[in-house]
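S.K.: sequence and computational prediction follow.
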Amino acid sequence: MASQPIDQAAATLPADKRASVYQSTKATHEKRTKLLFDQFNDPDLLRRRAGEIKQHVIENLDTLLPAVEAKLKANGAQVHWASTGDDACAAVLRIMQARGAKKMVKAKTMVSEEIELAHYLEKHGIEALETDLGEFIVQIDQDHPSHIVRPIIHKNRREIATSFEREGLGAYNDDPETITRRARQFLRHKYLQADVGLTGANFVSVESGRLVLVTNEGNSRFSLAAPKVHIALVGIEKLVPRDRDLGVLLNLLARSATAQQLTVYTEFISGPKHATQPDGPEEMHVIFVDNGRTDVLASECREILRCIRCGACLNVCPIYRQASGHAYRSVYPGPVGAVLSPLLAGKKFPELADLPKASSLCGACNEVCPVNIPIPDLLLRLREKGKREGAPLAAVGTPPMGAWALMASQPTAWKAALFGGKALNYLPTKLIPVPALRAWEEKRALPAWRGGEFRKWMKQRRKS
Amino acid sequence: MHAPIRPSPFAPGERPKIQLMATCLCDAFYDDVARATVEVLEHLGVEVEFPEGQTCCGQPAFNGGDWPASRKVVRHTLRTFAGTTPVLLPSGSCAAMLRHGALLEFEKEADLPEVKALAARTWEFADFIVNALGVKTWPGRYEATIAFHRNCHNRGTGSEAASLALLASIAGAKVVPFGEQEQCCGFGGTFSVAFPHVSSSMGTLKLEHIRAAQPDVLVSGDMSCLMHMGGLAQKAGQPVKTQHIAQVMRDALKNSGKL
Ligand code: SF4
């Protein structure tokens, strides 16, 4: 039987890469659990509250989005709407061209990956440099992030040192501190030269129009310090109704993502430079990006839009740990990606229809998710969609169930099969007529077939 | 998920009665588990009914995405287990199918109310014994170090705590912790076939953690997990002893002459 693409990726992932993914995710997951349960009486209650806040947001976007637009404008920001990734790229370019800008520094934004902004800008002669250390390394290696919080979870420091040497950032040295210092030195000049600083936003408060950004390296602050223009690319689902909702969400985000109480930098940005302020961007643009999100909202998997991109579900997921992020062939890997990526792919759903299958449905993702997304249920719904739409990738390795269902709804047929199955005990594996059982036997022994024995025992017991 | 612990379906003084759904795995491979389930329940004075027409819970097709096929099987189960008598399954995973999965696939179906009613009277073995019958400790003796595998479908339900309480209360039994207990064994139904590499690696990792704790027996409330881990261990030439919690409880009674 053919196995699924993610299974093949896992089987061929180099052992050292798997080891770094496994160790890092395991350590973070364990720290996260300890921190949450040490510090909160009932972290599960907190997760459910956070889920309700975000659910409220996605169910009331029709009123919250105009409200946040008004607030942002009142704060002096300019607001743009982009319904596709191309629209969003074009909006960024327009803003840059209006200022004659040529250089951009980017602080981590997943949306820019999602819409392939860097590639687009490069084609239009604009240099867009990643400033998050991990993203920077991904960029110089022309690689892709493999984790939404730790983009280079799949790399070890020897690889990174080699890349730095190749890029002329000093002689080979794999000491993490040296690597970080060299990246900083290099980036410092870039911050000063940049015309535009581009960021994402973890949250936008409708009440105050504040953008909230969390980082550990301070690169978003640097990205906003020198350039005259700040552009924020924000998914339309990133809102929170009130400032005080941030108390719940920030508490959970850092703990879930990196097992920190709070990230080193948590920035609240409420507009461009004010007349009384000595520096900061003179212009602030917020581009709200749809890019398939309203379709997700209309689907039966809308809860996935609660996601705050903490990565906890990746860290706990046994399949992600075996296969790493690239196996998911999309910007968002792991459990969240297995739901979100095929949905955002829209018409290209069949190309990613295998992702919802890449789960044992163990439920660990749901158990850790700070906004309590029922990821396994959503995966099941997408499996049904894949089957209903006849997506070939969804079918790989899953035996057809029609004949089985027929048998399982006719007790006589079922009983006959139960008793008849005993023949399996005498068949060599190769000759077992059920492909799924043969496949099973490749890795595990099959117990002896005892079909009908219990029924016989039960009957005799009733007689005596 | 986060299913609240349910009150007992029986009135005080009422003789408890259940319909047993043995599950297809017990029907085909693990008759002794179903037998132990009956023996334990009858020891507690429960009247056990066994509807002959029963087949499977419908989970394979449900997980595989073929919901029309799965609904066909669930409808058969609805007919076979008609009435109001509680339905008991010696499997967290099959119980979860009837309690939760079926609700998903019947969301837009006219017979959703019947499916909901079945879900409400479906019980997993240990959950039933502790929360429906109010049994908190188990008599008898069972001299063994036990590694208890929490099956994934019992996350957030009363079953895990119920199983651990029962096991820990048996004289001579010692439940030992092991690494990464929250991780899945890698079975996942057809997942094990469509993702043979990932599935067996997950199981192997799990077995390593379990072996490090040096248990005499690996116990779970789900034969599917035990079939996976036991089968992997056997294929690797390092067999492990596995038992369903009902077998441990039955053996404890036997060991002390109570059965
Ligand atoms: S789905 Fe939940 S756990 Fe996964 S990244 Fe999103 S918020 Fe975090």
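M.R.: Happy to help now that I have it. Since the model is a prediction, treat every value here as computed from it, not as a measurement.
S.K.: nearest to the ligand: which residue in the stretch 351-464 of chain A?
M.R.: Residue nearest to the ligand within the stretch 351-464 of chain A: A:C369 (3.3 Å; CB to the nearest ligand atom). For glycine as for every other residue, the C-beta is placed from the backbone atoms N, C-alpha and C.
S.K.: distance check, the closest residue to that residue other than its chain neighbours against A:I6.
M.R.: Distances taken as CB to CB, 6 or more residues apart in numbering or on different chains place A:C313 nearest to A:C369, at 5.7 Å, with adjacent residues excluded. Distance of A:C313 to A:I6, computed by CB to CB, to the nearest Å: 15 Å.
S.K.: same check on B:F195?
M.R.: Relative to A:I6, B:F195 is positioned 7 Å away (criterion: CB to CB).
S.K.: from memory the residue of the stretch 351-464 of chain A closest to the ligand sits against A:I375, does it?
M.R.: Yes: under the criterion of CB atoms under 8 Å, A:C369 makes contact with A:I375 at 6.7 Å.
S.K.: need the overlap of contacts for those two.
M.R.: Counting by CB atoms under 8 Å, 6 or more residues apart in numbering or on different chains, the shared contacts of A:C369 and A:I375 are A:C313.
S.K.: and the strands in the stretch 51-200 of chain A, which stretches?
M.R.: Using DSSP state E, counting those that start in this stretch, the strands found in the stretch 51-200 of chain A span residues A:78-82, A:103-106, A:127-130, A:196-199.
S.K.: winner for burial among those strands?
M.R.: Comparing the strands of the stretch 51-200 of chain A by mean neighbour count (mean count of other CB atoms under 10 Å in any protein chain shown), strand A:196-199 comes out on top with a mean of 28.
S.K.: where does pLDDT dip in chain B?
M.R.: Confidence mapping of chain B against pLDDT under 70 gives the ranges B:1-2.
S.K.: how does it look with 80?
M.R.: For chain B, applying pLDDT under 80 flags the ranges B:1-4, B:156.
S.K.: which residues in it form helices?
M.R.: Assigned by DSSP state H, chain B shows helices spanning B:24-28, B:31-43, B:59-64, B:67-80, B:92-96, B:102-105, B:112-120, B:125-127, B:159-169, B:191-194, B:196-212, B:223-235, B:245-255.
S.K.: shared neighbours of B:F195 and A:I6, which are they?
M.R.: Shared contacts of B:F195 and A:I6 (CB under 8 Å, 6+ apart): A:I319, A:A358.
S.K.: who has more neighbours out of these two?
M.R.: Taking other CB atoms under 10 Å in any protein chain shown, B:F195 and A:I6 do not tie; B:F195 has more neighbours (31 against 27).
S.K.: list the residues that contact the more buried one.
M.R.: Residues near B:F195 by CB under 8 Å, 6+ apart: A:S3, A:Q4, A:I6, A:D7, A:A10, A:I319, A:K357, A:A358, A:G397, B:G188.
S.K.: and the longest strand for chain B?
M.R.: What stands out as the longest strand in chain B, according to DSSP state E, is strand B:141-149.
S.K.: and it, what's buried?
M.R.: Neighbour counts over strand B:141-149 (16 or more other CB atoms under 10 Å in any protein chain shown) mark B:R141, B:Y142, B:A144, B:I146, B:A147, B:F148, B:H149 as buried.
S.K.: can you give the contact residues for it?
M.R.: Outside strand B:141-149, the residues within contact range by CB under 8 Å, 6+ apart are B:163-164, B:167, B:170-176, B:178, B:185, B:206, B:210, B:213-220, B:222, B:225-226, B:229, B:248, B:251-252, B:255-256.
S.K.: report the buried members of those.
M.R.: Buried subset of the contacts of strand B:141-149 (neighbour count, 16+ other CB under 10 Å): B:163-164, B:167, B:170, B:173, B:175, B:178, B:185, B:206, B:210, B:213, B:215-220, B:222, B:225-226, B:229, B:248, B:251-252, B:255.
S.K.: per-residue confidence averaged over stretch A:97-117?
M.R.: Stretch A:97-117 carries an average pLDDT of 94.
S.K.: likewise for stretch A:330-337?
M.R.: 97.
S.K.: for it, measure first residue to last.
M.R.: This stretch, stretch A:330-337, spans 8 Å end to end (CA to CA, to the nearest Å).
S.K.: residues near A:N173, how many?
M.R.: Counted with other CB under 10 Å, the neighbours of A:N173 add up to 16.
S.K.: how much space separates it from the ligand?
M.R.: Look at A:N173 and the ligand: by CB to the nearest ligand atom, to the nearest Å, they are 34 Å apart.
S.K.: now do B:G92
M.R.: Note on B:G92: its distance to the ligand, by CB to the nearest ligand atom, is 23 Å.
S.K.: let me see the contact set for that residue.
M.R.: The contact partners of B:G92, taken as CB under 8 Å, 6+ apart, are B:E124, B:N151, B:H153, B:N154, B:T157, B:S159, B:G221, B:D222.
S.K.: just the buried residues of those.
M.R.: When the contacts of B:G92 are checked for burial by 16+ other CB under 10 Å, the buried set is B:E124, B:N151, B:H153, B:N154, B:T157, B:S159, B:G221, B:D222.
S.K.: what about the nearest residue to A:R188 once chain neighbours are set aside, how many residues nearby?
M.R.: Distances taken as CB to CB, 6+ apart put A:F222 closest to A:R188, at 7.9 Å, once the chain neighbours are dropped. Neighbourhood size, A:F222 [other CB under 10 Å]: 22.
S.K.: also the one 10 residues further on?
M.R.: Taking other CB under 10 Å as the neighbour definition, A:A232 ends up with a count of 25.
S.K.: just to revisit the earlier point, wait, isn't the residue nearest to A:R188 in contact with A:T131?
M.R.: Yes: A:F222 sits in contact with A:T131 when judged by CB under 8 Å, with a separation of 6.7 Å.
S.K.: now do the shared contacts for those two.
M.R.: Joint contacts of A:F222 and A:T131 (CB under 8 Å, 6+ apart) are A:V105, A:A107, A:L187, A:Y191.
S.K.: interface residues of the stretch 1-150 of chain B facing chain A?
M.R.: Neighbours of chain A within the stretch 1-150 of chain B, by CB under 8 Å from any CB of the partner chain: B:1-2, B:22, B:24, B:26-31, B:34-35, B:38, B:50, B:52-56, B:58, B:60-67, B:69-70, B:72-73, B:75-76, B:80, B:101, B:104-105.
S.K.: kindly recompute the last result at 7 Å.
M.R.: Taking CB under 7 Å from any CB of the partner chain as the contact definition, the stretch 1-150 of chain B meets chain A at B:1, B:22, B:26-29, B:31, B:34-35, B:50, B:52-53, B:55-56, B:60-61, B:63-67, B:69, B:72-73, B:76, B:104.
S.K.: out of those residues, which end up buried?
M.R.: By 16+ other CB under 10 Å, these give B:22, B:26-29, B:31, B:34-35, B:50, B:55-56, B:60-61, B:63-67, B:69, B:72-73, B:76, B:104 as buried.
S.K.: ok, of the contacts of B:F195, which one's closest to the ligand?
M.R.: The ligand has its nearest neighbour among the contacts of B:F195 in A:I319, at 13.5 Å by CB to the nearest ligand atom.
S.K.: the closest one in helix, strand or coil?
M.R.: Under DSSP: H, G, I helix; E, B strand; the rest coil, A:I319 falls in the helix class.
S.K.: can you read off the pLDDT for it?
M.R.: A:I319 is assigned a predicted lDDT (pLDDT) of 98.
S.K.: burial measure for it, as a count.
M.R.: By other CB under 10 Å, 30 other residues sit near A:I319.
S.K.: repeat for B:M21
M.R.: Look at B:M21: counted by other CB under 10 Å, it has 27 neighbours.
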